[in-house]
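Student: here are the coordinates; sequence isn't available:
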Ligand SMILES: CNc1nc2cc3nc(NC)[nH]c3cc2c(=O)[nH]1
Ligand SMILES: [Zn+2]
């Protein structure tokens, strides 16, 4: 079995935290790394050139959305997702399970797969492990996520165990599917906030891994409405038990605080719509905490949004201008706010990596958290 992704190299550690890297055929991935979400083949409101300046290691594409519209075969015929959206760097595609359960209506899940109605036009569709793999092969992503069932938070244990068992059987089917030679498959661990279930599922995954190794391991089933302290308790105990020689990806997380917590407990990769979604709603993530740009106190401010940020928005415009754009409902407000929030979030994981490499991560984390909580941003 060719391994298109190189082995994960741990370059520095600080307790469970680590800085690392792995190669894809479209470039290296230096971790820890935050991956901006490009749901429908675009990181909303940002051009590829602007995205390149922000400099993410990897971006995400959604199988559910792109499979429905414009359709995975069209994207394949036009050269794949990298060409289609003009992003030459590594792309990770999720497998569609999460969107089917969170976006579509009238779905019916069976062993074979899940039947669902499109949120676009109500048409009926079917997503199986094989179909999810086929869509991701057609998109040509570098990192492929297995099709899993993402249980809603607070699912009762018996139902959770039934769901986990199916996710393991679906993983076997994903593994059997012939992906592209440039694609690596990540397995997804489930089990809610229960350490014993997480461990049981991991052992089932590792039984499959022993025969044909997975290129990475994702922690799914979190950030789905469970209490934050329960998520963090599980993460701190479970993450370090994942294989250390493969990337660890925490799906759907999170806030700057969540990223530091995850990094401290050994997570390498993150994705979340929060930075871009909050940007569109006028909440900006800065080195001194959150700024609600529509607040009247920014109306006349000649200051940059974040004095410690060198992004296009912070080095070019005043808060007064960002405030004006948002109040006026201008399109540029979303673009500039997203450029900043992504620059901040990608920059935070990049700075954490540097701190780990320079053996000063605890001090970095402490200073970062203190700065969030001291000055009025
Ligand atoms: C692709 N499979 C898959 N995606 C996910 C995306 C998520 N996004 C969140 N919070 C925003 N939690 C998630 C869990 C999963 C999960 O368990 N599985
Ligand atoms: Zn900025």
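Tutor: Yes, it's here. A quick note: this is a predicted structure, and the numbers were derived from the prediction, not measured. Residues are numbered from 1 along each chain as shown. Ligands and ions are numbered 1, 2, ... in the order given.
Student: Specify the residue positioned farthest from the middle of this protein.
Tutor: Residue farthest from the centre of the chain, counting by Cα atoms, centre = their mean, is residue 300 at 36.1 Å.
Student: Identify the residue spatially nearest to that one, adjacent ones excluded.
Tutor: residue 320 (5.7 Å; Cβ to Cβ, 6 or more residues apart in numbering). The way it works is simple: take the backbone N, C-alpha and C, and place the C-beta from them, glycine included.
Student: list the helices and strands the one helix or strand that neighbour maps to packs on?
Tutor: Residue 320 belongs to helix 319-328 when assigned by DSSP states H and E. Contacts defined by 3 or more Cβ pairs under 8 Å, 6 or more residues apart in numbering; DSSP states H and E place helix 319-328 against helix 331-357.
Student: Check whether the helix it packs on comes near ligand 2.
Tutor: Yes: if you take Cβ under 5 Å from the ion as the test, helix 331-357 does meet ligand 2, through residue 340.
Student: Same check on stretch 305-320?
Tutor: Yes: applying Cβ under 5 Å from the ion, one finds stretch 305-320 in contact with ligand 2 at 306, 309, 311, 313, 314.
Student: Does the residue nearest to residue 340 when sequence neighbours are not counted fall in a helix, a strand, or a coil region?
Tutor: Distance criterion Cβ to Cβ, 6+ apart; nearest residue to residue 340, sequence neighbours excluded, is residue 313 at 4.4 Å. Classification of residue 313 using DSSP: H, G, I helix; E, B strand; the rest coil returns helix.
Student: Now do the phi/psi pair for residue 267.
Tutor: Here is the backbone geometry of residue 267 (degrees, to the nearest 10): phi -80, psi 140.
Student: Count the neighbours of it for me.
Tutor: Residue 267 sits with 27 neighbouring residues when counted by other Cβ atoms under 10 Å.
Student: Surely it is in contact with residue 251?
Tutor: No: at 10.3 Å, residue 267 does not count as touching residue 251 under the criterion of Cβ atoms under 8 Å.
Student: Which neighbours do the two have in common?
Tutor: Common neighbours of residue 267 and residue 251, using Cβ atoms under 8 Å, 6 or more residues apart in numbering, are residue 219.
Student: any chance you could map the helices in the stretch 201-350 of the chain?
Tutor: Applying DSSP state H, counting those that start in this stretch to the stretch 201-350 of the chain gives helices spanning 228-238, 256-264, 274-280, 312-316, 319-328, 331-357.
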